[in-house]
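In: Provided below are the primary sequence and the corresponding predicted coordinates.
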Amino acid sequence: MQTLVAPEVQSGVILERSFDEMASAIRSYNIAQDDNNDIIGFCALHIHSSTLAEIRSLIVSPLFRGKKIASLLIQYSLQEASELGIQEVLVLTYQRILFEKLGFQEIHKAEIPNQKIWADCIKCKHFPICDEIALIKKI
């Protein structure tokens, strides 16, 4: 997983997660595999509260992009959030169109909970000048 996401982390598109961070949150990751059981994509559904979750670290191998794998990972995460009784799912992304096609709507970053900003955003190399788009979907 670290290898797959490394180029996007280096370019600043995805926030770096240490091996230990990923390992401790491994149950929150949804994985897409190819016919050889190699990981070709993943994302995490991080629970912020009983009503709010976030889709994080969405990545699909360049060899498999354009095959709707990202959409399937997002839809699976939304289904999981619904089953958990989550009411809203947040995402910070550069892929606005992908998420809007799945029913997400843009929100102002000021609406993002403070625990998100201080737990994650502060670690980003773009902080405090964030150029990602905040979107949310009500479930």
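Out: Alright, I've got the coordinates.
In: how about the helices in this structure?
Out: 2-11, 19-24, 69-83, 96-101, 114-119 (DSSP state H).
In: and the gap between His46 and Ala110?
Out: Going from His46 to Ala110 by CB to CB, to the nearest Å gives 20 Å. For glycine as for every other residue, the C-beta is placed from the backbone atoms N, C-alpha and C.
In: looking only at neighbour counts, state which of the two leads.
Out: His46 (20 against 7; other CB atoms under 10 Å).
In: beta-bridge partners for the more buried one, please?
Out: Taking DSSP bridges, one obtains Glu54 as the residues bridged to His46.
In: hmm, it is touching Arg56, no?
Out: Yes: contact criterion CB atoms under 8 Å: His46 and Arg56 qualify, at 5.2 Å.
In: surely Met1 meets Ile39?
Out: Yes: with contact defined as CB under 8 Å, Met1 reaches Ile39; the gap is 6.2 Å.
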